[in-house]
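Asker: Make a model of this:
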Amino acid sequence: MSSENDTTTSTASGPESNGADAPSGEDTLSVVDNRTGRSYEIPIVDGTVRALDFRAIRVAEDDFGLMTYDPAFMNTAACRSSITYLDGTNGVLEYRGYPIEQLADKSTYLEVAYLLVYGELPTAAQLADWQHKITIHTFVHENIKEFMGGFRHDAHPMGMLLGATGALSTFYPDANDIDDAENRDIQTVRLISKMPTLAAFAYRHVQGQPYVYPDNDLSYSGNFLNMMYKMTELKYEPDPRLERALDVLFILHADHEQNCSTSAVRSIGSAKPDPYSAVAGGIAALYGPLHGGANESVLRMLRRIKHRDNIPDFVKGVKEGKQRLMGFGHRVYKNYDPRARLIKKAAEDVFEVTGRNPLLDLALELEQIALEDEYFIERKLYPNVDFYSGLIYEALRLPVAMFPVMFAIGRTSGWIAQWREMVEDSEQKISRPRQIYTGERNRDYVPIDQR
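Answerer: Okay, the predicted model is just below:
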């Protein structure tokens, strides 16, 4: 055991560590443990140090070793990923290296989904084959209708989507063979194709309307509008402006690095269940108001303001801590969320069809004030993707309970891409965070008549 004055230098890459031999010079972090006087060289790779390397830092040989403590994973990388690049300081978002602005302007959602899943933009032939596979798999088993029918009429559609997605694993037991690449491709197609159908069925159930089957003649977004809104007409013809706006929304929501729901998919997936169970976990995380329900909070805020004349008092209340400014700021973005600019334009396109939502004028003025006021500039409070998305969904006559469902449809391609990457990553093991125990120890049991 080292004494208090021991100055031995160690490389933190023992038998419990995944670290390589320590690089020399500035590629290492020098750490001195003042408890023992020992110094350690921790390798720095890709701007990170491995938490397991700190396990070599011990007071005694039988000591567990030093752990890192990071509630909510504020500064811990849990994986390597080549799917989404996010630079919050400069407001950059890229899928597989392609700027989100270019993809939203030039791509369809299914083209972006292919990019996320396979790493490259498809050729014309690959895209046609991909679209065909997705289209012919949009139908779900008839028993799904019975499953949906078991929910109450006032059930939350997100809860219905969660249950139905998890239930798909019982319809496709072959999905458990996750180590087979061809099988993963099949489940990928099934998940992306069936999510809009499940979402539309949940909506129609809540509305008390009959389910509408998919129409293979329509695009991905057009078909979703058909399953949502078709009534007595023989053929539903979606407005191309709404169709395109919905496609853009799905693209903007497709992936966003290691957010709460994506981390849930990866964590559940690390136990190696079928992908439907893993994605159901992502839906459950997205169900939370801090994740998928944020745009609903924006609408509630705008309705409380009611009129442009009330904005100055509202802004004053925000500065005094009496009000919360919803739809501004982001844990990652310290600049204008690039998705917010794109979704703002999509909102204008939707309002051309549905009529202008009066809340949009409140939103625009509130945004302008926030972008010019030093209070918000200093705190880097810029509009995020949730600020305008709720206005679009409301214009489409969707109840607020459907907002996170819309989010889930677009995010499915990102979830499945992240799941596939995790399955194929040899470094990944079953997720098992450590804890710092703060409870009592060595207590003797007290019989119930003596308590």
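Asker: dump the residue contacts of the residue nearest to Ser270 when sequence neighbours are not counted.
Answerer: Of all residues not flanking Ser270 in the chain, Ser431 sits nearest, at 4.4 Å (Cβ to Cβ, 6 or more residues apart in numbering). For every residue, glycine as well, the C-beta is placed using N, CA and C. Contacts for Ser431 (Cβ atoms under 8 Å, 6 or more residues apart in numbering) come out as 78, 266-267, 270-271.
Asker: Name the member of those with the most neighbours.
Answerer: Within the contacts of Ser431, Arg266 tops the neighbour count with 25 neighbours, counted by other Cβ atoms under 10 Å.
Asker: isn't it right next to Arg80, touching?
Answerer: No: using Cβ atoms under 8 Å, Arg266 is not in contact with Arg80, being 11.8 Å away.
Asker: The residue nearest to Ser270 in helix, strand or coil?
Answerer: coil (DSSP: H, G, I helix; E, B strand; the rest coil).
Asker: Could you do the one 5 residues further on as well?
Answerer: Remark: Ile436 carries the secondary structure label coil [criterion: three-state DSSP].
Asker: Tell me how far it lies from Gly150.
Answerer: Between Ile436 and Gly150 the computed distance is 43 Å (Cβ to Cβ, to the nearest Å).
Asker: Among these two, which residue is more densely surrounded?
Answerer: A side-by-side neighbour count of Ile436 and Gly150, using other Cβ under 10 Å, places Gly150 first with 10 against 7.
Asker: Just the pLDDT at the more buried one, thanks.
Answerer: Gly150 carries a pLDDT value of 94.
Asker: gap between it and His205?
Answerer: 10 Å.
Asker: ditto for Ala51
Answerer: Using Cβ to Cβ, we find Ala51 at a distance of 46 Å from His205.
Asker: do the same with Asn90
Answerer: 44 Å.
Asker: Excluding chain neighbours, give the residue nearest to Ala113 in space.
Answerer: In space, Ala113 comes closest to Ser413 once its chain neighbours are excluded; the distance is 3.6 Å by Cβ to Cβ, 6+ apart.
Asker: for Gly292, same thing?
Answerer: The nearest residue in space to Gly292 (Cβ to Cβ, 6+ apart) is Pro404, at 3.2 Å.
Asker: you'd agree that neighbour is up against Gly282?
Answerer: No: counting by Cβ under 8 Å, Pro404 stays clear of Gly282, with 11.3 Å between them.
Asker: For the two, indicate the residue with more neighbours.
Answerer: Legend: neighbour count by other Cβ under 10 Å for Pro404 and Gly282, higher for Gly282 (32 against 26).
Asker: tell me the secondary structure for that one?
Answerer: helix.
Asker: So for stretch 211-223, first residue to last residue, what's the gap.
Answerer: 13 Å (Cα to Cα, to the nearest Å).
Asker: Show the low-confidence segments of this protein, by residue range.
Answerer: 1-25, 330-336 (pLDDT under 70).
Asker: Show me it divided up by domain.
Answerer: Partitioning the chain according to automatic domain parsing yields domains covering residues 9-69, 81-427.
Asker: For the closest residue to Ile100 other than its chain neighbours, give me its contacts.
Answerer: Excluding its sequence neighbours, the residue lying closest to Ile100 (Cβ to Cβ, 6+ apart) is Leu93, at 4.3 Å. Counting by Cβ under 8 Å, 6+ apart, Leu93 touches 84-87, 99-100, 256, 338-339.
Asker: tell me which element Met198 is part of?
Answerer: No, residue 198 isn't Met; it's Leu. Per DSSP states H and E, Leu198 falls inside helix 181-207.
Asker: Give the other helices and strands that that helix contacts.
Answerer: In this structure, helix 181-207 makes packing contacts with helix 109-118, helix 124-136, helix 142-149, helix 157-171, helix 220-229, helix 275-286, helix 403-423, judged by 3 or more Cβ pairs under 8 Å, 6 or more residues apart in numbering; DSSP states H and E.
Asker: between it and helix 157-171, how many degrees?
Answerer: 140 degrees (axes from the mean of the first three to the mean of the last three Cα atoms, to 10 degrees).
Asker: distance between helix 181-207 and the chain's centre?
Answerer: Offset of helix 181-207 from its chain centre (Cα atoms, centre = their mean, to the nearest Å): 17 Å.
Asker: now it and helix 403-423, what's the angle there?
Answerer: Helix 181-207 and helix 403-423 are oriented at 170 degrees to each other (the same axes, to 10 degrees).
Asker: got the angle between helix 181-207 and helix 275-286?
Answerer: Going by the same axes, to 10 degrees, helix 181-207 makes 50 degrees with helix 275-286.
Asker: Buried residues in helix 181-207, which are they?
Answerer: By neighbour count with 16 or more other Cβ atoms under 10 Å, helix 181-207 contains the buried residues 183-184, 186-206.
Asker: before we move on, the earlier item: what separates the residue nearest to Ser270 from Gly327, distance-wise?
Answerer: For Ser431 relative to Gly327 (Cβ to Cβ), the value is 31 Å.
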